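Chemist: below: sequence and its predicted model.
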Protein chains: 2
Amino acid sequence: MNLSLPQIEALRQILGDTNVLLDEADLQHFGGDWCRQYSPKPSAIAFPTTTEQVQAIVRWANTEQVALVPSGGRTGLSGGATALNGELVIALDKMNKLIETDVASSTLKVEAGMVTAQLQQHAEDLGLFYPVDFASSGSSQIGGNIATNAGGIKVIRYGMTRDWVAGLTVVTGSGELLELNKGLLKNNTGYDLRHLFVGSEGTLGIITEATIRLCAAPKPATVLVLGVNEMTDLMSVLASFQQQTSVNAFEFFSHNALEANLAHSGEAQPLAEAAPYYALVEVETASEVETEAALACFEHCLIEGWVVDGVMSQSEQQAASLWRLREGISESIAPRTPYKNDLSVSVSKVPAFLAKVDSIVAEHYPTFEVCWFGHIGDGNLHLNILKPEELAVDAFVEQCKAVSALIFEEIARMGGSVSAEHGVGLLKKHALSYSRSEEEVRLMKQMRQLFDPAGILNPGKLFD
Amino acid sequence: MNLSLPQIEALRQILGDTNVLLDEADLQHFGGDWCRQYSPKPSAIAFPTTTEQVQAIVRWANTEQVALVPSGGRTGLSGGATALNGELVIALDKMNKLIETDVASSTLKVEAGMVTAQLQQHAEDLGLFYPVDFASSGSSQIGGNIATNAGGIKVIRYGMTRDWVAGLTVVTGSGELLELNKGLLKNNTGYDLRHLFVGSEGTLGIITEATIRLCAAPKPATVLVLGVNEMTDLMSVLASFQQQTSVNAFEFFSHNALEANLAHSGEAQPLAEAAPYYALVEVETASEVETEAALACFEHCLIEGWVVDGVMSQSEQQAASLWRLREGISESIAPRTPYKNDLSVSVSKVPAFLAKVDSIVAEHYPTFEVCWFGHIGDGNLHLNILKPEELAVDAFVEQCKAVSALIFEEIARMGGSVSAEHGVGLLKKHALSYSRSEEEVRLMKQMRQLFDPAGILNPGKLFD
């Protein structure tokens, strides 16, 4: 499908000439996202500057039967914002203004194209805090975060993006404008359509504005990196810290993930003694008492033998450098063409699940190296299978898909999720049935049809 | 509509003889809720003991075109669980078992009929905490709490019931069994139907089981009661405490609410100097430092002139007795036949809204006394209009409805909610359009039809 010249002219009428891009480089840049498995092929990129323009485009697209792909910061990892079939991309980049500051209500109303880091800065300027944070905060946009219900590194303490959305302005697939929940903290007046839009991946409507809740600025914190021999020990460490301290983050990575990161950064080993797995724990230490509790918990874990070696930050700088051990992993393994899976199970099932996956890979693909990291306090594991050097990419991806099917069967058996925080998009739609029942998928399809009867919004995403 | 003898026989086949009640006293007791404005008229009360039995009843009801009213602890205040037209009541009272304890994941899986206080006790037994709490915790059931998204006195710190639901087992109106979210913390696989069921008031399906998140046990706390002259001062007090301390609760009541409570309980005035409004603040004081911060904040509010007099608890007993000043209000004004409204606006709009409502009542019904209390930290105000002694109840209710219409118009103008935490049920369905747009209501109706095509579930509730 391609747009005709009169169609492009109509778009220019709505948006102005400079807000419709057709150059091949722009189509490539704005037509894809960080999921690099697809070749973008949009027909044009539209940059609305107001909600009214979004509504005008959607109504026009309904009349013309033009498919639309909403696009935020394009940092998604499941291809949810990728245009493959000549769709018109609606890029929210120019809708990035702060609309309203309400300090008494601890909320900010912003346009959906505001970059996450900018939102975080606005919050900080008020002495407040927007706590959802992840590696792509410098590029991702709040609208996209909401559409994928983005998670990140502080979920154990602060929850997902969902938990911070007090109101949404959306244009549905049929071009209706909805003001959902209006920034209220309490509003029990029927079905909460706001929550339906969170995580809907652009298939029900286009989010144009959001009212975001803020919280108190974070208190001083201390970071520990702890080496453990067994995943069951890691769970004991988690339980101890949760009982004795206020945990801000509880991350984990495998030894080869650390090795890759250190090789890439040139930094030194954090611990004298290596271990198969490491936990990175951030705890609130607003007072002497809390710092002592964290230290006591650390010592307790050493005495119990759960932790073989560890380090506790003594300064903000040291805390930041320990964080880099976790945050640098993704970049450091990128040259090894990792095949990524973003999985979750109940926290209690993490050790059994990890062992099962390791054994599946070892049995079927003994030459594959598995690199683990993730947000273990939330039951969320990022499984990265590294490509053996001698294997061609295509063959590698094929084999990874085969092994993924075995892993997804295990996920289904354990009642887990095939997409913990990345969303479904294009990449996971074949796997949806491992986490959602036939009845649920049927209901989702029917609901999609209510909001987008002509089927113009992000077709082919989530499900066919 | 009444059930025929063969229909009653069929029900007994599904549930056993003792689990179908037909006596008039039982019909009255199980056919209503705490919203006393309606006369219950169910045709029978069914007590399923398993999810399978619920499913069997719903399927049977579809075949027989029998309307069903799901019923929990019957503590609802909007008539959501009231059967007025010969419906079959599905009472969850016998489904009250603990199904699974998962300490590592900090979750409990329970049947929907478990009483809130029992759930709180199970959490406490594990050294954990279920933080949603309200006056009816001793009777309300977790399924009913979820179906109305119950709020209460700790929302400012811990959020609504919605925030603690990790998984739901529901039987839809068409008799399908859905396992929603399976207790996971992270699961981004399409539309989150779990959140659609939270607050759906029994119109989409019957909740039979729930996986509930728990949190760490609360730390020691201190309670303050502070008298203020102006609502704007109260907002300054709120902002100060939010900046300087960890606020667990920020409640408020007007002077006549306090007077009514003291007259009823026989207790003494808490403050030497009376004030038009009072704030009850509970702050976490786990350490000396936090206690000092709370005291400093109190003193700052006195110096600024926001607070005219106040008291800070020095013991758990004193804290409990201060809490009774707030918690006893509802009971103490009950003899005055209060006409209740459960309203919310953005926190920043509270003073303007309260002044507006006071002036509406004073202008149109100068003989009415207005008694205010509520969860002001959430923007949630309970407006109680007290009946003048000489006025007949019917005439009073008529006049209150007229004044409510004016108040709801103000709510609509301010983007507030006509039902902050009580739900819509029968009582507020005429007012739904003040808080939800025509398009939203149309979408809600269409969604209801997807889950309950035969329209047998709680007909007439939420909307017609």
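Modeler: Alright, I've got the coordinates. Residues are numbered from 1 along each chain as shown, chains lettered A, B, ... in the order given.

Chemist: for burial, what's the neighbour tally of A:Asn2?
Modeler: 11 (other CB atoms under 10 Å in any protein chain shown). (Each C-beta comes from the backbone N, C-alpha and C, glycine too.)

Chemist: that one should be in a helix, yeah?
Modeler: No. Secondary structure of A:Asn2 (DSSP: H, G, I helix; E, B strand; the rest coil): coil, not part of a helix.

Chemist: read off the pLDDT value for it.
Modeler: At A:Asn2, the model reports a pLDDT of 85.

Chemist: cool, the one 4 residues further on as well?
Modeler: At A:Pro6, the predicted lDDT confidence score is 97.

Chemist: packing partners of the helix or strand harbouring it?
Modeler: Following DSSP states H and E, one finds A:Pro6 within helix A:5-15. Applying 3 or more CB pairs under 8 Å, 6 or more residues apart in numbering or on different chains; DSSP states H and E, one finds that helix A:5-15 makes contact with strand A:20-21, strand A:44-46, helix A:51-64.

Chemist: select, out of those, the one closest to chain B.
Modeler: helix A:51-64 (12.3 Å; CB to the nearest CB).

Chemist: flag every buried residue along the helix or strand following the closest one.
Modeler: The helix or strand immediately downstream of helix A:51-64 is strand A:68-71, counting by DSSP H and E. Using 16 or more other CB atoms under 10 Å in any protein chain shown as the test for burial, strand A:68-71 gives A:Leu68, A:Val69, A:Pro70, A:Ser71.

Chemist: nearest to chain B among those?
Modeler: Nearest to chain B out of those is A:Pro70 (CB to the nearest CB; 16.0 Å).

Chemist: who does that closest one bridge with?
Modeler: For A:Pro70, the beta-bridge partners under DSSP bridges are A:Ile90.

Chemist: what residues are up against it?
Modeler: Contacts for A:Pro70 were tallied using CB atoms under 8 Å, 6 or more residues apart in numbering or on different chains; they are A:Ala81, A:Val89, A:Ile90, A:Leu92, A:Gly143, A:Ala147, A:Gly202, A:Ile206, A:Ile207, A:Leu457, A:Asn458.

Chemist: nearest to B:Ala274, of those?
Modeler: A:Ile207 (48.8 Å; CB to CB).

Chemist: any idea which element that closest one lies in?
Modeler: According to DSSP H and E, A:Ile207 maps onto strand A:205-213.

Chemist: then A:Phe250?
Modeler: Per DSSP H and E: strand A:247-254 holds A:Phe250.

Chemist: which other helices and strands does that strand contact?
Modeler: helix A:155-158, helix A:231-244, strand A:277-284, helix A:316-327, strand A:369-375.

Chemist: at 6 Å instead, please
Modeler: helix A:155-158, strand A:277-284 (3 or more CB pairs under 6 Å, 6 or more residues apart in numbering or on different chains; DSSP states H and E).

Chemist: picking that back up, how about the buried residues of strand A:68-71 in a markdown table, adding pLDDT?
Modeler: Formatted as a markdown table, these follow (pLDDT from 0 to 100):
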| residue | pLDDT |
| --- | --- |
| A:Leu68 | 98 |
| A:Val69 | 98 |
| A:Pro70 | 98 |
| A:Ser71 | 98 |
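
Chemist: before we move on, the earlier item: show me what counts as buried in the strand holding A:Ile207.
Modeler: Under the neighbour-count criterion of 16+ other CB under 10 Å, strand A:205-213 has A:Gly205, A:Ile206, A:Ile207, A:Thr208, A:Glu209, A:Ala210, A:Thr211, A:Ile212, A:Arg213 buried.

Chemist: repeat for stretch A:456-464
Modeler: Buried, per 16+ other CB under 10 Å, within stretch A:456-464: A:Ile456, A:Leu457, A:Asn458, A:Pro459, A:Gly460, A:Lys461, A:Leu462, A:Phe463.

Chemist: just checking: what are the partner strands of the strand holding A:Phe250?
Modeler: When pairing is defined by DSSP bridges, strand A:247-254 lines up against strand A:277-284 (antiparallel), strand A:369-375 (antiparallel).

Chemist: ok, now which ones touch A:Ser254?
Modeler: By CB atoms under 6 Å, 6 or more residues apart in numbering or on different chains, the contact list for A:Ser254 reads A:Tyr277, A:Trp372.

Chemist: pLDDT score for it?
Modeler: So A:Ser254 comes in at 96 (pLDDT).

Chemist: looking at the strands paired with strand A:247-254, which is buried most?
Modeler: Comparing those by mean neighbour count (mean count of other CB atoms under 10 Å in any protein chain shown), strand A:277-284 comes out on top with a mean of 25.

Chemist: about what we covered before: output the helices and strands packed on strand A:247-254 in CSV; the columns should cover mean pLDDT.
Modeler: Formatted as CSV, the helices and strands packed on strand A:247-254 follow (pLDDT from 0 to 100):
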stretch, mean pLDDT
helix A:155-158, 95
strand A:277-284, 98
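
Chemist: tally of neighbours for the residue in the stretch 151-300 of chain A that chain B sits nearest to?
Modeler: Residue nearest to chain B within the stretch 151-300 of chain A: A:His195 (3.6 Å; CB to the nearest CB). A total of 24 residues lie near A:His195 under the criterion other CB under 10 Å.
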